[in-house]
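Colleague: I'd like to go over a predicted model; first the sequence, then the structure.
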Amino acid sequence: MEKLYQYLWQHSMLGRKLILRDRREIKILNPGRLNHDAGPDFSNARLLIDKDILIGNVEIHVKASDWYRHNHDKDDAYDSVLLHVVAIEDAKVYRKDGSVIPQVCVTFPEEFYFLYASLAEQIKSIRCAPRLGHLSSLVVNDWLSSLAVERMQDKGRRILEINKTFAGDWKQTCFVIFARSLGFGLNSEAFEQLARSLPLNYIARHSDNIFQIEAMLFGQAGMLDTSEYQFDEYYQSLCREYLFLARKYGLKPLQRSIWKYSRTRPGNFPHRRIAMLAQYLYGGFTLMGDIIEAGGDVDKSRELFVMALDGYWETHSRFGSEERKAPAALSRNSVDLLLINLIVPLLYTYSSSIGELEKAEDTISLLMELPAEQNMYIRQWKCYGIKCEDAMHSQALIQLSRCYCEADRCLECRFGHALLRKSVERWQ
């Protein structure tokens with residue numbers, strides 16, 4: 001409850017004019033700055049009491065008696081408190097020198113506290129869902145636009161961290177981000193580990209041999225074991241080749257257990273994605289340059305990922321089990337996901353890093369040319385009446401769900417803020 005009152009005070013939602021315990025009127029000129037360290041809750045607040053403008057600190061409690069329970073009456077740091085704001089006025093409060101501290105009591109109808117409780121309740125669903133219809137389209141669209149940019153900035157920071165790890169090598173950075181994107185969520189971490197475990201300069205020495213590239217990738221992925229698939233000639237050949245290459249470069253394979261197959265169709269097994277990654281390494285890894293050359297053009301960018309697997313992987317989704325000819329390596333929906341999660345963030349971050357800020361901003365707008373993603377987050381928001389018209393909106397809603405709803409940051413969310421403000425205004 002104290003956190004709620006701090007929030008209301010910080011955003012001037014308790015009203016600009018309040019009545020003190022001694023019936024004097026107090027006008028809040030500036031609520032001050034929230035203090036995250038020891039000491040009073042707000043510093044440098046500006047208050048008008050009668051005709052006097054006072055500048056100092058404000059302390060907030062649920063009960064007035066908390067002043068004594070927290071030993072503020074014995075702490076010099078609280079002598080500068082100009083105003084004590086409480087929900088329950090069960091005591092007068094004094095400074096160390098015995099002087100009375102002005103106190104104001106603010107209460108709301110029970111319905112308001114129910115609203116706050118529903119926002120703060122520890123449940124997985126969208127807490128404000130029943131009240132989303134009360135939000136104006138301006139509030140919704142403005143917040144979604146900000147969230148889309150926020151998500152892009154978060155992705156950009158992660159890409160820059162990876163780029164720093166590789167001493168500014170954008171080709172290696174692209175390789176790691178591309179590999180991670182091929183995991184499509186379920187195996188993203190595993191693919192990133194795979195890419196990080198295999199330097200491009202090792203692969204480049206064998207870029208003219210697709211068989212050796214596949215041996216290195218599948219071996220590093222922990223998927224090669226000579227005791228398995230003994231009648232699969234191609235598999236056994238990969239095992240032997242990886243043993244040779246592992247000795248040559250001192251490679252240590254990852255644990256096979258990192259790969260996940262839950263609710264995955266054969267066409268989306270990690271084996272096919274690894275085979276696809278090998279195709280992009282064959283002849284030299286040029287994807288970063290190709291992305292820059294495409295310049296954010298949606299059609300040209302899609303063409304970068306239109307490909308079909310051949311050879312062994314034309315008829316296999318995993319080792320040891322031959323199947324009918326598989327379709328294209330990636331569906332149209334998967335290609336669009338690569339544009340959303342690989343090309344747009346990579347172009348945005350790269351353009352920003354070289355000072356082309358206008359181009360970076362234009363890159364974000366490409367999301368409006370791509371269809372919205374379809375996942376549990378988007379379906380949930382749609383059920384509650386929040387429209388999702390393109391990838392810009394879907395990225396925003398994913399950011400909202402993961403970084404605000406799931407992180408219990410309702411009081412930092414503009415939806416929660418707007419709903420609380422509406423509620424406050426009704427009862428003032």
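Modeller: Yep, it's here.

Colleague: how far does the longest strand anywhere in the chain sit from the chain's center?
Modeller: Ranked by residue count and defined by DSSP state E, the top strand of the chain is strand 52-63. Relative to the centre of its chain, strand 52-63 is centred 36 Å away, using C-alpha atoms, centre = their mean, to the nearest Å.

Colleague: ok, residues contacting it?
Modeller: 1-2, 5-6, 9, 29, 31-32, 39-48, 67, 70, 72, 78, 80-88, 90-91 (C-beta atoms under 8 Å, 6 or more residues apart in numbering). Where C-beta positions appear, they are placed from N, C-alpha and C, glycine not excepted.

Colleague: Can you tell me which helix or strand of the protein has the lowest average pLDDT?
Modeller: Least confident helix or strand, the chain: helix 110-120 with a mean of 65, by mean pLDDT, DSSP states H and E.

Colleague: Following element in sequence after it, please.
Modeller: helix 137-165 (DSSP states H and E).

Colleague: Mind checking what helix or strand follows the longest strand of the chain in sequence?
Modeller: From strand 52-63, the next helix or strand downstream (DSSP H and E) is helix 66-69.

Colleague: In contact with the residue lying closest to A246 once chain neighbours are set aside, which residues?
Modeller: Once flanking residues are discounted, A246 sits nearest to G219: 6.2 Å by C-beta to C-beta, 6 or more residues apart in numbering. For G219, the contacting residues are 238-239, 241-243, 245-246, 251, 253, by C-beta under 8 Å, 6+ apart.

Colleague: From these, pick the one nearest V176.
Modeller: Relative to V176, the closest of the contacts of G219 is L251; by C-beta to C-beta it sits at 16.8 Å.

Colleague: Which helix or which strand is home to the closest one?
Modeller: If you go by DSSP H and E, L251 is not part of any helix or strand.

Colleague: Surely it and L198 touch.
Modeller: Yes: the pair L251 / L198 is scored as a contact, 7.4 Å apart, by C-beta atoms under 8 Å.

Colleague: Looking at the contacts of G219, state which has the most neighbours.
Modeller: Of all the contacts of G219, L238 has the most neighbours under the rule other C-beta atoms under 10 Å, reaching 25 neighbours.

Colleague: which SSE is it in?
Modeller: Short version: L238 belongs to helix 233-249, going by DSSP H and E.

Colleague: could you say what helices and strands that helix packs with?
Modeller: Judged by 3 or more C-beta pairs under 8 Å, 6 or more residues apart in numbering; DSSP states H and E, helix 233-249 is in contact with helix 210-220.

Colleague: sorry, back to before: residues of the longest strand of the chain that come out buried?
Modeller: 56-61, 63 (16 or more other C-beta atoms under 10 Å).

Colleague: what do you get for stretch 210-223?
Modeller: So for stretch 210-223, counting by 16+ other C-beta under 10 Å, buried means 210-223.

Colleague: Could you find the closest non-adjacent residue to V86?
Modeller: V86's closest residue in space is A64 (C-beta to C-beta, 6+ apart), at 4.6 Å.

Colleague: What of R131?
Modeller: Closest to R131 by C-beta to C-beta, 6+ apart is L419, at 5.3 Å.

Colleague: For the longest strand of the chain, the averaged confidence score.
Modeller: For strand 52-63, mean pLDDT is 87.

Colleague: Let me know the secondary structure of L82.
Modeller: Three-state assignment for L82 (DSSP: H, G, I helix; E, B strand; the rest coil): strand.
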